[in-house]
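>>> model this:
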Amino acid sequence: MLAKLLSGSMKKMWKDYLVLLFGLTISIAIFYMFETLAQNKAFLEANALISSIVFVFHVGTFILGLVTIFYIFYATSFILSLRQKELGMYMTLGAKKGKVTQMMFLETLAIGIVSLIIGLVFGIGLSEGIARLLMARLDFSGAGFHALYSSSLVTTVIFYFVLFLLTAIVNAMRVSRKSVLELLHADQKADTKIIKGWKTFLGTLFAIVLITVGYVAMINMGDLAHMGVIIAAATVTPGTYFFFMAMLPFLIKRIKGIRSINERGLNAFTYAQLDFRVSQLTKVLGTVAMLIALGLGAMTAGLSFYHNIEIQSSMNHGYDIKVHQPTEDELAEMENWEFEERNLYSYRVTDDGVYFSKQDLQENPPIIKEFTGNLEELTKEVRLTNNLTAPIYSSKETDNAESIPKKWQTALQTELMANIFMFGDRTLYILDQEKFEEINASTQTVLLGRVDNFTEYTDTLAKIDERHHKLAIDYTGEDPAMTGSKHEDYTMLKGFANGTIFMGLFLGVAFLMMMASVLMFKLLSSATADIDRYQMLRKIGVRQAKLKKSIYKELFLVFLFPGLIGLVHVLIGMEMFSFILIEPYTKIWIPISLFFVIYGLYYLLTVKMYQRIVLPKA
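Next up, the predicted model:
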C-alpha cells in the first residue's frame, strides 16, 4: 500500500519532481566536476601559473561543501512543501503517522539516490565534454586530467549519500512532529519577520567591515599570498550573508514606504510579498551571491589569462606578423588579411653579413617597443625617425662604417628578426641603395605587418614559424630554440597559461550552471503558500495579466540583489590577479554577458514555474 501511494504521488506530480531532479542532478554534477580538479594534485601543480593553486582548491572545496549542504537542504525541502497537504489528507483518512513519516523518508531518499546516479553520469559526461571542448579550443593536451576520476567519484557518492540520508531523516522528523491540522494548513503559516532597529544597524556595519577587509586582502593578494586567500574567504563569505540578512529587509521596507511607487498598480501587493518573506530569503540570496562570485570569478579569471597572453606577447613586439622570404602561397593568403600596417624590407645574405636596404628602412621606418620602467605601462611603441645619413652602417665597429644606432639595431634584431637565431654570428649592415646593389647575393624580403586580431591567423603563422626554422638551419646549420617571432612568444606563453585558463573556464561554466537553481528551489518551495493570495486577488477582479506582471517584478527584485553583489565581488576580486596579469579586466564583458544570459534564463524559468504553481488556471 505504501509503495502504491508513493508511486501514485510521484506520477501525479512528475513535473515538479522533474524540476527537483534537474536541480539535484546539476548540483551533483558540478560538485563532481570540481572534485575532478581539486583532488588531482599532480594535474594542478603541473598546469597552473599560480604556485598556491592546490591550496586555493582546498579552500574552494570547503566553501563549495558548505554551499552544497545549504543547497541540498533547501532543494529537498521542496518535496516536503509540495507534499504536506497531501500527507495531512492521508492521515485524515486513517493513515498512521509512522507510515506517513516512513513514506516521506523513502520518497526523499529515493529522489536523492536517483539524482545521485544521474548526476554522476551527467557529471562525468559534462566533465568530458567541456574538457575536450576547452582543450581543442585552447590547443591544450590536458595531460593528467581524467573525466572519470575514482577518488572524486567516491567522495561525491559518500558526501551526497550522507546528505540525502540526513535530509530524508530531517524531512521525516518534520512530518512526525506536525499534527494533521498543521500539515493541512502548512501553506497558511506566517513567516517570522526579521528584527529591526539597532541589530540591523550593527549587522550592516559588521557586514561592511568584513567585506571591506576581504576586498583589501584581494587587492593586496600579491603581498599576502596564502594568508590573503584565507582572509578573503573568511571575511567576504560571512560578510555577504550578514549584508543580506541586515540590509535587504531594510531596503525592501524603504521601497515599500515610498507612496508614489507603492500605490501604483499591484506594487503594494508585490512589495508586501517581498517584505513578508524577506527573512527566509536572505540566507538563500547570500548563497546565490557567493555562487555567482565563484562561477563568474573563475570564468572571468580564465578568460583574462587567455586574453592576457596576446597582451603579454605584444610587449616586446611592435609587429604581429613577421615573415622572412614569404612564399607566393603565403602572400596570396595574406591578401585576405586585414592589415593596419604592412611593410616590405629588402636584404641580402652572404657568408659574412646580412645587408639591409637603407632606402626601404627610411621610406617605412619600423616601430619598436621600449621599456618605460613604469609598472602600469611596461613598454611603449616608438616609431623610428629617419636619421640614417651615412652610406654604410654596421653592427660591428669598422673603419669604413658607422655603428648602427641602438634603436635601429633593436629594430633589425627584434622586428626584422635579423638575430643570432636566424643568421648566426653574421654582421648586420645598413647600406644605401648604391652600396646595396653591389652585394653579390640575391635580394630577399622580410614582411612586417600589424593586424587587428592576431589570434585569427595562428594556424598560418605556425606554419611560417616552421619554415623559419628550416631557413635558420640553412643559414646556421642548427635548428634554433626560437626565431624571434611574436607567434612563438604567444605559443610559449599559452603553453604556460593553458592549464590555469582551462581550470578557470571549466569551473566557471560549472558554477554558472548551478548558481541560480538554489534561489529557484527556495522560491518554488514556498510558492504553495501564495496560492490562496493569488486566487483571492483573481476572485476580486484582478486580471491574470496583472498578476503575472506582479510576479515578474517581485522575482526580478529577488534575482537582482544577489546578482549585483556577486558582480561587485567579481569586479573587486579580479584585483587578486593584478600581480600576475598585465590587464586583469581585459574583455571582461564576455563572461559578464554570458552570466547575464544564464542568469536571465534561470529567472524566466523560475517565473514560469512559479506562475504555474500559484496562479489560478484560466
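
>>> list the buried residues for stretch 281-299?
By neighbour count on 16 or more other Cβ atoms under 10 Å, the buried set for stretch 281-299 is 281-282, 284-299. C-beta here means a position set from N, CA and C on the backbone, and glycine is covered the same way.

>>> Phe506 contacts Phe34, correct?
No. Contact criterion Cβ atoms under 8 Å: Phe506 and Phe34 do not qualify, at 9.1 Å.

>>> anything in contact with each of the two?
The contact sets of Phe506 and Phe34 do not overlap (Cβ atoms under 8 Å, 6 or more residues apart in numbering).

>>> and the helix or strand Met103 falls within, what other elements does it pack with?
Using DSSP states H and E, Met103 falls within helix 97-138. Packing contacts for helix 97-138, counted by 3 or more Cβ pairs under 8 Å, 6 or more residues apart in numbering; DSSP states H and E, involve helix 2-12, helix 14-38, helix 53-92, helix 150-176, helix 486-525.

>>> scan the chain for its longest strand.
If you go by DSSP state E, the chain has its longest strand at strand 339-349.

>>> so which elements touch that strand?
Strand 339-349 makes packing contacts with strand 353-357, helix 358-363, strand 443-451 when contacts are defined by 3+ Cβ pairs under 8 Å, 6+ apart.

>>> winner for burial among these?
Most buried of the helices and strands packed on strand 339-349, by mean neighbour count (mean count of other Cβ atoms under 10 Å): strand 353-357, with a mean of 23.

>>> that one pairs with which strands, parallel or anti?
Strand 353-357 sits in its sheet next to strand 339-349 (antiparallel), strand 427-431 (parallel), going by DSSP bridges.

>>> most tightly packed of those strands?
For the strands paired with strand 353-357, average neighbour numbers computed from mean count of other Cβ under 10 Å are highest in strand 427-431, which has a mean of 23.

>>> helix or strand right after that strand?
Next along from strand 427-431, by DSSP H and E: helix 433-438.

>>> tell me, how many residues neighbour Ile311?
The tally of other residues near Ile311 (other Cβ atoms under 10 Å) stands at 14.

>>> same question but for Gly222, I mixed them up
By other Cβ under 10 Å, the residues close to Gly222 number 13.

>>> quick check: it touching Glu575?
No. Using Cβ under 8 Å, Gly222 is not in contact with Glu575, being 9.5 Å away.

>>> now the nearest residue to Phe556 once chain neighbours are set aside: which helix or strand?
The shortest distance from Phe556 to any non-neighbouring residue, by Cβ to Cβ, 6 or more residues apart in numbering, is to Tyr603 (7.0 Å). Using DSSP H and E, Tyr603 falls within helix 589-614.

>>> tell me the centre residue of the protein?
Met299 (1.3 Å; Cα atoms, centre = their mean).

>>> and the gap between the nearest residue to it once chain neighbours are set aside and Leu134?
Take Met299 and drop its neighbours on the chain: the residue closest to it by Cβ to Cβ, 6+ apart is Gly508, 2.5 Å away. According to Cβ to Cβ, to the nearest Å, Gly508 stands 10 Å off from Leu134.

>>> which one of the two has more residues nearby?
Applying other Cβ under 10 Å to Gly508 and Leu134 shows that Gly508 carries more neighbours, namely 23 against 20.

>>> list the contacts of that one.
Gly508 makes contact with 295-302, 591, according to Cβ under 8 Å, 6+ apart.

>>> if we go to 6 Å?
Gly508 makes contacts with 295, 298-299, 302, as judged by Cβ atoms under 6 Å, 6 or more residues apart in numbering.

>>> same check, this time on Met135
Contacts of Met135 by Cβ under 6 Å, 6+ apart are Gly142.

>>> now do the one 5 residues further on
With contacts defined as Cβ under 6 Å, 6+ apart, the neighbours of Phe140 are 498, 502.

>>> give the helix, strand or coil label for the closest residue to Ile582 other than its chain neighbours.
Distance criterion Cβ to Cβ, 6+ apart; nearest residue to Ile582, sequence neighbours excluded, is Ile311 at 5.2 Å. Under DSSP: H, G, I helix; E, B strand; the rest coil, Ile311 falls in the helix class.

>>> kindly provide the distance from Ile311 to Tyr490.
Separation of Ile311 from Tyr490 (Cβ to Cβ): 10 Å.

>>> what's the answer for Thr108, then?
53 Å.
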